[in-house]
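Chemist: predicted structure and sequence below. I'll ask about it afterward.
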Amino acid sequence: MREEQARHDIAVIGGGLAGTCAAIAAARLGRRVALVHNRPVLGGNSSSEVRVWVCGATAHGVHRYARETGIMGELYTENQFRNPEGNPYYWDQVVLDAVLAEPLIDLYLNTDVREAEATGPEDARVLHAVTGWTLGSERRITFRAEQFLDCTGDGLIGHLAGARHRIGREARAEYDEPWAPEEADGALLGSTILFYTKDAGRPVKFVPPSYARELSTTPILRNRVLRTGDNGCDYWWIEWGGELDTVHDNERIRDELHAAIMGIWDHIKNSGEFDADRLTLEWVGSLPGKREYRRFLGDHVLTQRDVLEQRQFPDAVAFGGWSVDLHPVEGMYANEPGARQRYADGIFHIPLRCLYSANVANLFFAGRDISATHVAFGATRVMATCATLGEAAGTAAALCVAEDLTPRELATERRDLLRHALVRQDASVIGLPHTDPDDLARTARVTASSTTEVLAAEPDGTEEEYPLTRDVGLLLPADPRLDSVAFLASTDLPDGTELTVELWDTGLPENGVPVHRLATTTAQVKAGPAEWATAHFGHVPASLPAQAVVLVRAHPHVSLRLVRQRVDGVLSLRRKARGDAAVDHDIPEEEGQRVVEWSARELRRTSFCFRAAPETRALAPEKAVGGYQRPYGGPQMWSSARVADPSRMDEWLLLEWDGPRAPREVHLVLDDDVDEYLNNLHRHRTPFEIMPELAASYVLEGRDASGRWHELARVEDNRRRHRVHELAGDTDLCALRVRVTATHGADRAHVVAVRAYA
């Protein structure tokens, strides 16, 4: 055995997506990081060893404009480019390459940390070192650092260091949570093992092993649905162990899950009820994918009401959007559905105070072990959300090292330091105004070659009739106001008719659902061919936020026109009708959920033909320095006018100052359509390897005091949303210009944000 000592600024224990993103974030801020993982591949439950798909705030496309940015966003879009078929092994490579690209990360795979050295009283512990054993190498390595991150999922490191935590469910009265049990207990969400099948091209038999579970002796055939075409996470409900200890009983849980899978496959292959002669098992997991174990206690405990009421926090550092998603403790053997889910109206916020220990002074955590109740954990536990928490915690840890702060001091006294850093790196935050005094772009005058000034979807030959058998709507900007909207409509009534049209606000600027009705009017629809029917709203209350929902009520004799266009800042909605497919076919949906009642998933990248008045400022040049980097009460970006050839455009955004400035670093945030739902594996996949809206090529130019323009950077074949350009140290400029010369298919140039730092 070889004894080793390793010293780093930060030690991240756990190489799932939370730990991976934490390590990358800290390294990008100049810290030396140890990333220690007990498996041979990174990615945790998302890796090829377990193969859980990476879900996040989009919630399979339920929420609008909710896909993660920052490091998780980079992983999503890089995987989409490299791996459009969703190969689990290619996903492993995407995650590993992201780590290997950071020279300040020292990666330790197959290293299981089992010991911790901590001192101090129970309420003021300090963690000094952790020690792990590297399997197959006979190396015992002690990692010393200033800050530690427990991203293990099970929370072993914090437990060894004496960090306070919970296991199981809190009592309902403790945090006033309607979904919590009356009395606290030790019940957990269970673990899952997945399997893949493939068509062998010829009949293949299956002889079940001796341990295969006989399904007729279980409730599975009564309460779960088996399908021959399902694979992997389609069988998320193969879950068990919630009544046990998901760590100490892990081997027993694994054996029971394997027995259930063999029984399920035996039934599909040999019962005669399925067309499965040519199907064979391609892969069965060996590791249970754990959902729940320890949850640490931070300075704030996230609750059910925090999630569903979308409570705001002064130290918000990430967001989620997954439903509060709780499963029966009996798992697959329960007589009730496999899950109960409840969505907030939009995304919810997570504060930094949930990401560090209340009693260990230098311990952060990220992933499924953060400071949340069992009920709130049901929404925060999905991996893309865990990844954003990792980026926030890794960023915070790096700042604590650089500024000699404790996590609590950063959260309460220096929170702007962290929030400025998160905005600067395009992290996954929403509603966070950019107020960084170091950003020179905030003081610039901003103009552009052209701007989208009219919100409309005109007929272009792709339109089709859309009978108004249900209520429909448009989510669209109301900047500076919204006086009228016209729809292209027709009726089969010989004397014409009228439509009822309503104007609603969205409650919160991060939401895209109708919440409060502001006005009701009518629009006249003439008989004959489709014509424009205009709804005038008159005086709208000043409280209208910068976006609104225009609803058109169902009419049995009227059709609108639906066109295959994506309009910047606009989404088409349709009301749920009886018989519509659920978000997940195995889960009954609760009533009264606005984002489920008003769906945008089925109509994305299409629009009802419409014309809005007056002209809009929602896509004006100044939006690129306006303080936000993703849709929030409107699209929050600059969009040019339409161009005929997206591969040969020359549209520019210009920033000018009254006198010379000395920017040393220019950040560009380009549009990769955060409304487009991505997934790393085999769930719904967009057809685009690169988002059409993203700038494919651009030139960054600077103008000096003499009026001469200089090329500062030229980028071709771009596929990154966030680009950072370092400038020469002696460059004094009076203006910056971003010239977009091509997109990946969109007919307008988009720039979400320009930042210039001295």
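Modeler: Nice, I can see it.

Chemist: before we move on, which element is residue 422 in?
Modeler: Element membership for residue 422 (DSSP states H and E) is helix 415-424.

Chemist: in this protein, which spans are helices?
Modeler: Using DSSP state H, the helices of the chain run over residues 17-28, 70-82, 88-100, 156-161, 172-175, 220-223, 250-270, 304-308, 374-380, 383-403, 407-412, 415-424, 594-597.

Chemist: how is this structure divided into domains?
Modeler: Here the domain parsing of the chain from automatic domain parsing is 2-174+294-404, 191-284, 440-451+619-757, 456-613.

Chemist: tell me which of these sits most buried.
Modeler: Greatest average neighbour count among the domains of the chain goes to domain 2-174+294-404 (a mean of 23), per mean count of other C-beta atoms under 10 Å. For the C-beta atoms, the positions are set from N, CA and C on the backbone; glycine is no exception.

Chemist: state the mean pLDDT of that domain.
Modeler: Taken as a whole, domain 2-174+294-404 has a mean pLDDT of 97.

Chemist: what's the span of that domain, first residue to last?
Modeler: 33 Å (C-alpha to C-alpha, to the nearest Å).

Chemist: per-residue pLDDT, residue 583?
Modeler: Listed pLDDT for residue 583 reads 83.

Chemist: ok, it touching residue 55?
Modeler: No. Counting by C-beta atoms under 8 Å, residue 583 does not reach residue 55; the two are 11.3 Å apart.

Chemist: low-confidence ranges, the stretch 401-550 of the chain, go.
Modeler: Scanning the stretch 401-550 of the chain with the threshold set as pLDDT under 70 gives 539-545.

Chemist: and the gap between residue 507 and residue 287?
Modeler: 42 Å (C-beta to C-beta, to the nearest Å).

Chemist: what sits against residue 180?
Modeler: By C-beta atoms under 8 Å, 6 or more residues apart in numbering, residue 180 lies in contact with 169, 170, 171, 172, 174, 304, 373, 374, 375.

Chemist: just send these back as a markdown table, with distance to residue 439 too.
Modeler: Output for the contacts of residue 180, formatted as a markdown table (distance: C-beta to C-beta, whole Å):
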| residue | distance to residue 439 |
| --- | --- |
| 169 | 45 |
| 170 | 42 |
| 171 | 47 |
| 172 | 46 |
| 174 | 43 |
| 304 | 37 |
| 373 | 37 |
| 374 | 41 |
| 375 | 39 |
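
Chemist: determine which two of those residues are furthest apart.
Modeler: Farthest-apart pair in the contacts of residue 180 is 171 and 304; separation 12.8 Å (C-beta to C-beta).

Chemist: contact partners for the nearest residue to residue 555 once chain neighbours are set aside?
Modeler: Leaving out its chain neighbours, the residue that sits closest to residue 555 by C-beta to C-beta, 6 or more residues apart in numbering is residue 468, at 4.6 Å. For residue 468, the contacting residues are 499, 552, 553, 554, 555, 556, 558, 559, 560, by C-beta under 8 Å, 6+ apart.

Chemist: may I have the beta-bridge partners of the last one?
Modeler: Spelled out, it's residue 560. residue 466, residue 489 (DSSP bridges).

Chemist: do you know the pLDDT at it?
Modeler: Note on residue 560: pLDDT of 98.

Chemist: now do the fourth one
Modeler: Residue-level confidence at residue 554 comes out at 98, pLDDT.

Chemist: for it, give me its contacts.
Modeler: When contacts are counted by C-beta under 8 Å, 6+ apart, residue 554 touches 468, 469, 470, 471, 575.

Chemist: try 6 Å
Modeler: 468, 470, 471 (C-beta atoms under 6 Å, 6 or more residues apart in numbering).

Chemist: other residues contacting stretch 291-306?
Modeler: 154-155, 158, 163-167, 175, 177, 179, 188-189, 246-247, 351, 353-354, 356-358, 365, 369, 371-373, 375-376.

Chemist: from those, which land in strands?
Modeler: Assigned to strands by DSSP state E, the following of the contacts of stretch 291-306 qualify: 165, 166, 351, 365.

Chemist: and of those residues, the nearest to residue 489?
Modeler: Checking those against residue 489 by C-beta to C-beta gives residue 351 as the nearest, at 46.6 Å.

Chemist: coming back round to it: now the contacts of residue 468 in a markdown table, with distance to residue 391?
Modeler: Formatted as a markdown table, the contacts of residue 468 follow (distance: C-beta to C-beta, whole Å):
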| residue | distance to residue 391 |
| --- | --- |
| 499 | 46 |
| 552 | 41 |
| 553 | 43 |
| 554 | 44 |
| 555 | 48 |
| 556 | 50 |
| 558 | 48 |
| 559 | 47 |
| 560 | 42 |
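
Chemist: ok, of these, which one's closest to residue 632?
Modeler: Once C-beta to C-beta is applied, the member of the contacts of residue 468 that ends up nearest residue 632 is residue 552, at 25.5 Å.

Chemist: specify the beta-bridge partners of that closest one.
Modeler: On the basis of DSSP bridges, residue 552 is bridged to residue 472, residue 501.

Chemist: so it touches residue 469, yeah?
Modeler: No. Counting by C-beta atoms under 6 Å, residue 552 stays clear of residue 469, with 11.9 Å between them.

Chemist: can I get stretch 406-417 as CSV, trimmed to CA atoms?
Modeler: Provided in CSV are the C-alpha atoms of stretch 406-417 (Å, rounded to 0.1, in the frame of the first residue of the first chain):
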residue,chain,number,x,y,z
THR,A,406,-16.7,31.3,5.3
PRO,A,407,-19.7,30.1,3.3
ARG,A,408,-22.1,31.9,5.7
GLU,A,409,-20.2,35.2,5.3
LEU,A,410,-20.5,34.8,1.5
ALA,A,411,-24.2,34.2,1.7
THR,A,412,-25.1,36.9,4.1
GLU,A,413,-22.4,39.7,3.8
ARG,A,414,-20.9,39.3,0.3
ARG,A,415,-23.7,37.7,-1.7
ASP,A,416,-23.2,40.2,-4.5
LEU,A,417,-19.7,38.9,-5.1
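
Chemist: how far away is the closest residue to residue 2 other than its chain neighbours from residue 108?
Modeler: Closest residue to residue 2 apart from its sequence neighbours, by C-beta to C-beta, 6+ apart: residue 139 at 5.0 Å. Look at residue 139 and residue 108: by C-beta to C-beta, they are 9 Å apart.

Chemist: export the helices of the chain to TSV and tack on distance to residue 665?
Modeler: Shown next, in TSV, are the helices of the chain (distance: least, C-beta to C-beta, whole Å):
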stretch	distance to residue 665
helix 17-28	13
helix 70-82	18
helix 88-100	21
helix 156-161	35
helix 172-175	43
helix 220-223	57
helix 250-270	47
helix 304-308	36
helix 374-380	33
helix 383-403	17
helix 407-412	23
helix 415-424	9
helix 594-597	38
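
Chemist: please compute how far stretch 88-95 lies from its chain's middle.
Modeler: 19 Å (C-alpha atoms, centre = their mean, to the nearest Å).

Chemist: again, but for stretch 213-223
Modeler: Relative to its chain's centre, stretch 213-223 lies at 36 Å (C-alpha atoms, centre = their mean).

Chemist: quote the end-to-end distance of that stretch.
Modeler: In stretch 213-223, first residue to last residue: 16 Å (C-alpha to C-alpha).

Chemist: where in the stretch 601-750 of the chain is pLDDT low?
Modeler: Counting by pLDDT under 70, the stretch 601-750 of the chain contains low-confidence ranges at 683-684, 730.
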